[in-house]
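# Only the shape, not the letters, is given here:
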């Protein structure tokens, strides 16, 4: 039975990845409760990360057990399609999640396989958040996201200063979530910029700019996709294949 742990940026029990099999097996706790640990490059307790998230070494997929009933997953549970026959909003979350309190910096991407409505969005949310009111449409909710027109939202409140640039068919987006500094950046393929700003003004690798996500509740967050429009489809990349863009320095795969 692995030891349940929570990753914190500093102050936790120092742990390092085992160089060979035999380290203490540990697993990131999905409920937010566990021993606080801080990964270090050298020294510390030798552990084996059986969940693949403590050191950012493994990738997750979308979760068929946490998906709207009319959604369809293909491509190794990385491609999600709205198959409900109408324009109802449906969604899916990732298997792997991270806590706000645990800190850490994470990156993932998605590619639009069809034209996506303004009322579709991608981001992060807790399992308690309904897909029909996911965080972006002035409907309240919990989480952080960007929609098809480039709007950026925290807990349903739009950021009137920053914008991700919007996307069209075939575009890819990269999202950088920084739980250490409580910020979010979105790299839009169409704009070719983080949060539609110059690199000098918006750069997750240097903690420059970024949308403030400190209002997020203390919870475990999962990558979340919500699609509006029958047959709309999107493909996620958690690092299992080459990214379209460059993952920011200091960030791990989600």
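Yes, it's here. These numbers come from a predicted model, not from an experiment.

# Please enumerate the helices of the stretch 101-250 of the chain.
Along the stretch 101-250 of the chain, counting by DSSP state H, counting those that start in this stretch, no stretch forms helices.

# what are the ranges of the strands in it?
Secondary structure of the stretch 101-250 of the chain (DSSP state E, counting those that start in this stretch): strands at 105-112, 121-125, 144-147, 151-154, 157-163, 172-178, 183-188, 193-194, 211-212, 220-228, 233-237.

# what pairs with the second one, and is each one parallel or antiparallel?
Paired strands of strand 121-125, with direction, are strand 144-147 (antiparallel), strand 220-228 (antiparallel) (DSSP bridges).

# tell me the angle of it relative to strand 105-112?
150 degrees (axes from the mean of the first three to the mean of the last three Cα atoms, to 10 degrees).

# Quick check: buried residues in strand 121-125?
121-125 (16 or more other Cβ atoms under 10 Å). C-beta here means a position set from N, CA and C on the backbone, and glycine is covered the same way.

# Would you convert these into TSV that also reports pLDDT?
Output for the buried residues of strand 121-125, formatted as TSV (pLDDT from 0 to 100):
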residue	pLDDT
121	81
122	89
123	93
124	95
125	94
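
# Domains in this structure, by residue range?
Split into domains by automatic domain parsing, the chain comes to 3-49, 62-253.

# which of the buried residues of strand 121-125 lies closest to residue 213?
residue 124 (8.7 Å; Cβ to Cβ).

# And for that closest one, nearest residue in space, chain neighbours not counted?
residue 221 (4.2 Å; Cβ to Cβ, 6 or more residues apart in numbering).

# On the strand side of things, show who that neighbour bridges to.
residue 98.

# picking up where we left off before, just give me the lowest mean pLDDT stretch among the domains of the chain.
In terms of mean pLDDT, the lowest-scoring of the domains of the chain is domain 3-49 (a mean of 82).

# okay, the strands of the stretch 101-250 of the chain in JSON lines with distance to residue 201 next?
Formatted as JSON lines, the strands of the stretch 101-250 of the chain follow (distance: least, Cβ to Cβ, whole Å):
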{"stretch": "strand 105-112", "distance to residue 201": "19"}
{"stretch": "strand 121-125", "distance to residue 201": "22"}
{"stretch": "strand 144-147", "distance to residue 201": "18"}
{"stretch": "strand 151-154", "distance to residue 201": "15"}
{"stretch": "strand 157-163", "distance to residue 201": "10"}
{"stretch": "strand 172-178", "distance to residue 201": "15"}
{"stretch": "strand 183-188", "distance to residue 201": "11"}
{"stretch": "strand 193-194", "distance to residue 201": "9"}
{"stretch": "strand 211-212", "distance to residue 201": "13"}
{"stretch": "strand 220-228", "distance to residue 201": "26"}
{"stretch": "strand 233-237", "distance to residue 201": "26"}
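
# Pretty sure the residue nearest to residue 124 sits against residue 99.
Yes - Residue 221 is within contact range of residue 99, at 7.4 Å (criterion: Cβ atoms under 8 Å).
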